[in-house]
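Q: Just need the structure, nothing else, for what follows:
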Amino acid sequence: MSTNNVTVVDHPLVQHKLSLLRQKDRSTSGFRTLLGEISMLLVYEVTRDLKLTYRSIETPLATMQAPSIDGKKVVLLNILRAGTGMVEGMLRILPSARVGNIGLYRDPETLGAVEYYFKLPNEMSDRDVIVVDPMLATGNSAVAAVDRVKAANPRSIKFVCLLAAPEGIANFQDAHPEVPIFTAAIDSHLDEHGYIIPGLGDAGDRLFGTK
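A: Numbers count the residues shown, from 1 in each chain. Got it, this is the predicted structure:
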């Protein structure tokens, strides 16, 4: 596994909140709150290199050339369903972002990604896309999502997750070596069922209280 083009956001607040999120007795409400808070902190780092342009504005005292984000609005691509909690947190920082959705489920036999839904905003060529999923486990869903986004020819693509496994990073980078990965932690390995160890369990089930 190469860690080139992988950024681990090691800010103390991110790491502390991630430790709280991992705890198995964390309530559904607490899990949602923490997931949103961590996502806000992650998107701050992910958007650090957004392009800026300058435009004239009036302050109460003077006219000035003020920096503004350049190009069309950012697109957050939500890998359903677990990405929803992250997108909701990110929208607190990027309230004008557009949101796309891709529905993928993992085939229990092959662990491959099966698509059942896909919708992006129109006119993607001048947009920066942030693909969002809490877990980069096998990497199959992330690879499939980025495959679909690339077909729309956006200005840039980044992938953001809470946890990554070495196997998932290797798989993703084999398919999309130029797409940067941002994560809060790289865990040890995958178990025989394709779950991240030590991980935090099934993020979707914990987010929606379905198990």
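
Q: use CA for all of it now, contacts and neighbours both
A: OK.

Q: just the helices in the chain please.
A: If DSSP state H is used as the criterion, the helices of the chain fall at 12-22, 28-46, 83-90, 140-150, 166-175, 203-208.

Q: Make a markdown table out of these and add mean pLDDT.
A: As requested, these are exported to a markdown table (pLDDT from 0 to 100):
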| stretch | mean pLDDT |
| --- | --- |
| helix 12-22 | 98 |
| helix 28-46 | 96 |
| helix 83-90 | 95 |
| helix 140-150 | 95 |
| helix 166-175 | 97 |
| helix 203-208 | 93 |
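
Q: Single out the most deeply packed of those.
A: Each of these was assessed for mean neighbour count using mean count of other C-alpha atoms under 10 Å. The highest is helix 83-90, with a mean of 24.

Q: Could I get the helices of the chain in JSON lines, plus columns for distance to I157?
A: JSON lines is the format used below for those (distance: least, C-alpha to C-alpha, whole Å):
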{"stretch": "helix 12-22", "distance to I157": "22"}
{"stretch": "helix 28-46", "distance to I157": "11"}
{"stretch": "helix 83-90", "distance to I157": "16"}
{"stretch": "helix 140-150", "distance to I157": "8"}
{"stretch": "helix 166-175", "distance to I157": "13"}
{"stretch": "helix 203-208", "distance to I157": "23"}
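
Q: of the ones you listed, which approaches I69 most closely?
A: Distances from I69 to each of the helices of the chain were compared by C-alpha to C-alpha, and the smallest falls on helix 28-46, at 13.7 Å.

Q: if we can go back for a sec, of the helices of the chain, which is nearest K72?
A: Comparing the helices of the chain by their distance to K72 (C-alpha to C-alpha), the top pick is helix 140-150, with 16.0 Å.

Q: what packs against that closest one?
A: Helices and strands in packing contact with helix 140-150 are listed as strand 98-106, strand 113-119, strand 128-132, helix 166-175; criterion 3 or more C-alpha pairs under 8 Å, 6 or more residues apart in numbering; DSSP states H and E.

Q: and of those, who's closest to T210?
A: Of all the helices and strands packed on helix 140-150, strand 98-106 sits nearest to T210, with 15.6 Å by C-alpha to C-alpha.

Q: in stretch 62-76, what counts as buried?
A: Within stretch 62-76, the residues scored as buried using 16 or more other C-alpha atoms under 10 Å are K73, V74, V75, L76.

Q: what is the last one paired to in the beta sheet?
A: L76 forms beta bridges with V99, I130, as assigned by DSSP bridges.

Q: one step back: want to throw the helices and strands packed on helix 140-150 into CSV with distance to E37?
A: Formatted as CSV, the helices and strands packed on helix 140-150 follow (distance: least, C-alpha to C-alpha, whole Å):
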stretch, distance to E37
strand 98-106, 19
strand 113-119, 26
strand 128-132, 15
helix 166-175, 24
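
Q: Give me the residues contacting stretch 113-132.
A: Under the contact criterion C-alpha atoms under 8 Å, 6 or more residues apart in numbering, stretch 113-132 has outside partners 71-79, 83, 86-87, 98-107, 140-142, 144-146, 152-161.

Q: residues contacting G71?
A: K51, D126, R127.
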